[in-house]
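K.L.:
for reference, the sequence and a predicted model appear below.
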Amino acid sequence: MLEEFKKFALKGNVVDLAVGVIIGAAFGGIVTSMVGDLIMPIIGAITGGLDFSNYFTGLSKSVTATNLADAKKQGAVLAWGNFLTLTLNFLIVAFVLFIVIRLMNRLKAKEEAAPEKPTKDQELLTEIRDLLKSK
């Protein structure tokens with residue numbers, strides 16, 4: 001059983017998946033920072049200094065706070081500003097992945113389209129074949 005587990009755990013797909021998850025987590029952190037630290041402040045400046053993460057709608061009359069953290073303590077709220085931020089985060093990740101995959105596909109197509117240069121052995125064999133055909 002231990003030998004079977006070792007074969008399973010060391011298969012290429014499992015290792016590739018683990019690497020993908022780790023890189024994805026790191027990439028997610030970068031994108032989260034990009035959205036929170038670069039894009040949302042610019043959008044906030046364009047809209048008059050508004051911070052989308054604090055946009056909410058109280059679901060009861062007891063919610064009177066002006067920031068999301070305090071409003072959640074007072075009662076149920078719809079944190080639609082936070083949802084908007086996370087949706088923007090998702091769209092950026094999806095767009096960046098689209099660009100990366102598109103570039104990878106182009107590079108792959110160029111590699112497949114480029115003819116391989118024959119090795120010296122292949123060149124010699126071709127010359128020998130051509131000489132034999134000419135006789």
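P.N.:
Structure's in. What do you need? Residues are numbered from 1 along each chain as shown.

K.L.:
so Lys11 versus Leu2, what's the distance?
P.N.:
15 Å (Cβ to Cβ, to the nearest Å). Quick note: C-beta positions are derived from backbone N, CA and C, even for glycine.

K.L.:
make that Ile99, sorry
P.N.:
Distance from Ile99 to Leu2, by Cβ to Cβ: 43 Å.

K.L.:
pick out whichever of Lys11 and Leu2 has more residues nearby.
P.N.:
Lys11 (11 against 6; other Cβ atoms under 10 Å).

K.L.:
any stretches of the protein with poor pLDDT?
P.N.:
Within the chain, the ranges that satisfy pLDDT under 70 run 12, 50-51, 114.

K.L.:
which parts of the longest helix seen in it are buried?
P.N.:
When the chain is scanned for its longest helix (criterion: DSSP state H), the result is helix 80-113. Within helix 80-113, the residues scored as buried using 16 or more other Cβ atoms under 10 Å are Gly81, Asn82, Thr85, Leu88, Asn89, Val93.

K.L.:
now stretch 49-69
P.N.:
Applying 16+ other Cβ under 10 Å to stretch 49-69 flags Phe52, Ser53, Asn54, Tyr55, Phe56, Gly58, Val63, Ala65, Leu68 as buried.
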